[in-house]
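Colleague: Sequence first, predicted model second:
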Amino acid sequence: MIPWRSIPTPERVTEIPNDFTRDIDRGDAMQILKCMDRCDQQMISGHDYHEAIYSRRITDNMEDLIIASGKLMEGIVSGKENNIIVFTGCGTSGRMGWMCARAFNQVLARHGAPPCFAYLAAGGDESLFVSKEKPEDDPFLGIAEIKEIAKDRDRIFVVGISCGLSASYVCGQLDWALSQENAVPIGIGFNPANLSRYEYIDVWNKSCRQIYCEMDKRSRAEREAGEERRAYMVNPTVGAEAIAGSTRMKGGSVTKMILEMCFLSGMELALRATDMYNPGPNEICMAGDAKDDDYNRVTSLDPILTHITLYRMTYQAVYKKKAMESIAEVMTLAASSIENPNGHFYYIGSDAFGILGLIDASEMVDTYGAPHDEMRGFVEGGWSICKNNDGDLSERSKALRMSLEHFEEDILPTLTKEDTVIMLSNEEVSEGLRATWRKVNLTEAKIARVVVSSSRTTPTLAELDLGESAPIAFVAIPWACTSCFRFTFEEFAMKMVVNLLSTGVNVIRGRTLSHFMVNMSVSNYKLYMRAAHIVKSIAVVEDDIALNALNRSIYRDDMPGLETAKIRPIAEHVEAAKGVEMVVPLAIILAFHEFRGIEQYHMDRALKKLRCVSDLRQIVRRIQDIRY
């Protein structure tokens, strides 16, 4: 086996490579899933000696947060207070925050209660489905936007989500909340506070680590003293990602878990206290069975640990042998389209399932350097079901045309035998989605389905099929999960499946090298530093050599830019990298010993060898064979 090396440094858990997926690019679809299974177990089990999601401090903080959010929502529901809970984040974190705010407000509406949740996403509503990484680096933008929401509010919970505890946009908002009498900052992420981003933020005199450590210190002290909580840190470690740094996967999934456990439980307490609690068959007892003394009853850890167990059961359902075999079949089918230069991969679905497909597809451009039109998602109803701040944005760009009607207008006439269309659903399929699916069946495109079912009676494949026979990735959710807000577990499973599919397809396509995303965009501070670490880890070189190679790859023949690179702010390197292709693959080759040096012919030599990103595996492994 080729001796891959990672230089041991005290880095954030969310950025280091995962040993379980070291050979993820060396097998077929089933081998990829087996690697991912071992990695995803850490969502519950945690990472090394760090605190897992079931550890006492984490569950204590979630317990207190359930009570506090319930009382804040009680003020809203009763009409006595003008309060708000804001989920805010960048990239996947912002998308999960928006998705949960939307879903929670819908649950409140079914009980006749007013909305209690709002969201902020760095880059605005376009960033929900189109990658916008640069606003993540702007703390002042975050502060301005949270101030606007906080106007005239009695109380505000600022739930800042940053998987790596590294987003300046979120840190600015949490820092602002720390200084406000009527605001409570709540940090959600997946590193210990002392491993959050330590570098000072450009144009700001603070670092993320200062802010998170202050919140962590205050949170621990208030809990121990039994004082009113003025800050919370919910930051279990969930292990390194399957593809290093790709926190859209485990990080996004556990974000969803935490928001649902804390705020749906708090919502139930608020509805009980105001006599508005009227649960449907699949919306019962998220916070337990107590009747009279609900807030005091939450001091038992059982409800929290019970729901962690239900999420674990859902995860296990995705990785059962039959489910894995069916997912592998669909993954192989989709990969056959992406491997073809003219092939495309499309998701279609209804409501939350369609939204999860949209989110998953939107993350391919920056994560794997995929063409923006290679993988798309479409949802029945389009923007009208999103309940977003800015309304319908479909006129702004083709990438934001995302309804089934847009699919039928823009995509359906162009489908060929090289394309794959995947329908996302549970056992119930709406008439609108059925109609579109029948039209897809009349084309030459390859078709498949992903079905997540929590029905007591598992439907047969024949019962699930629509029109022509198609591969079906089928996940059966345990019946126990349907008694507590069924939608949360179905969505959790669907998110896992679409993440598995898109990751596997890009691994097969050759856009990863071992467990590293080597074709990523260098579009903000975090991604620049991630790219530098990838170069350093694969080439096994010192920091200065890795950074020099990265800058050479960004500036290419711009010698003045390269000569001043060391003294220029990283924001300028990020701006220079805009539109430059194969930045990280070229930097990796330049970093190897035989390509060091500044002479231009070395750059030309490397570019000739690197015709496309999939060439990188062969080049690197040949060099490593010689070196080792």
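Modeller: Great, that's in hand.
Colleague: and the host helix or strand of Leu310, what other elements does it pack with?
Modeller: Assigned by DSSP states H and E, Leu310 falls within helix 302-318. Helix 302-318 sits against helix 42-45, helix 56-77, helix 321-338, strand 472-476, helix 486-509, with contacts defined as 3 or more Cβ pairs under 8 Å, 6 or more residues apart in numbering; DSSP states H and E. The way it works is simple: take the backbone N, C-alpha and C, and place the C-beta from them, glycine included.
Colleague: Put together a markdown table for these, with distance to Val184 and mean neighbour count on each row.
Modeller: Below are the helices and strands packed on helix 302-318 laid out as a markdown table (distance: least, Cβ to Cβ, whole Å; neighbours: other Cβ atoms under 10 Å):
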| stretch | distance to Val184 | mean neighbour count |
| --- | --- | --- |
| helix 42-45 | 27 | 20 |
| helix 56-77 | 7 | 21 |
| helix 321-338 | 40 | 20 |
| strand 472-476 | 37 | 22 |
| helix 486-509 | 24 | 25 |
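Colleague: Quick one: closest of these to Glu136.
Modeller: Among these, helix 486-509 comes nearest to Glu136, with 20.5 Å by Cβ to Cβ.
Colleague: Tell me who's in contact with Met517.
Modeller: Ile243, Ala244, Gly245, Ser246, Thr367, Tyr368, Arg511, Ile534 (Cβ atoms under 8 Å, 6 or more residues apart in numbering).
Colleague: What of Leu195?
Modeller: Pro10, Glu11, Arg12, Val13, Leu165.
Colleague: Now, those residues that are in helices?
Modeller: Within the contacts of Leu195, no residue falls in helices by DSSP state H.
Colleague: Buried ones from those residues, can you make that a PyMOL selection?
Modeller: Selection of buried members from those for PyMOL, criterion 16 or more other Cβ atoms under 10 Å:
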select buried, resi 12+13+165
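Colleague: So what's the residue count around Ser403?
Modeller: Here the count is done by other Cβ atoms under 10 Å, and Ser403 has 20 residues near it.
Colleague: cool, Tyr277 as well?
Modeller: 17.
Colleague: Over to Arg110?
Modeller: Arg110: 12 neighbours (other Cβ under 10 Å).
Colleague: Mind pulling up the pLDDT for it?
Modeller: For Arg110, the pLDDT comes out at 90.
Colleague: give me every residue that touches the residue positioned nearest the centre of the chain.
Modeller: Centroid check for the chain by Cα atoms, centre = their mean gives Arg248 as the closest residue, at 2.4 Å. For Arg248, the contacting residues are Gly91, Thr92, Glu363, Thr367, Asn499, by Cβ under 8 Å, 6+ apart.
Colleague: Quick check: phi and psi on Gln173?
Modeller: Phi and psi for Gln173, reported as degrees, to the nearest 10, are phi -70, psi -40.
Colleague: so how far is Leu120 from it?
Modeller: Distance of Gln173 to Leu120, given as Cβ to Cβ, to the nearest Å: 8 Å.
Colleague: what do you get for His344?
Modeller: Relative to Leu120, and taking Cβ to Cβ, His344 is found at 32 Å.
Colleague: who has more neighbours, those two?
Modeller: Neighbour totals were compared for His344 and Leu120, and Leu120 leads with 27 against 22 (other Cβ under 10 Å).
Colleague: Report the secondary structure state of the nearest residue to that one once chain neighbours are set aside.
Modeller: Spatial nearest neighbour of Leu120, excluding adjacent residues (Cβ to Cβ, 6 or more residues apart in numbering): Thr88 at 4.0 Å. Assigned with DSSP: H, G, I helix; E, B strand; the rest coil, Thr88 falls in the strand class.
Colleague: Now for Thr88: which residues touch it?
Modeller: 94, 97, 119-121, 142, 145-146, 158-161, 169-170, 173.
Colleague: Per-residue pLDDT of it, please?
Modeller: pLDDT at Thr88 comes out at 98.
Colleague: which residues pair with it across the strands?
Modeller: According to DSSP bridges, the residues that bridge with Thr88 are Leu120, Gly160.
Colleague: So which residues of the stretch 201-350 of the chain form strands?
Modeller: 232-234, 345-350 (DSSP state E, counting those that start in this stretch).
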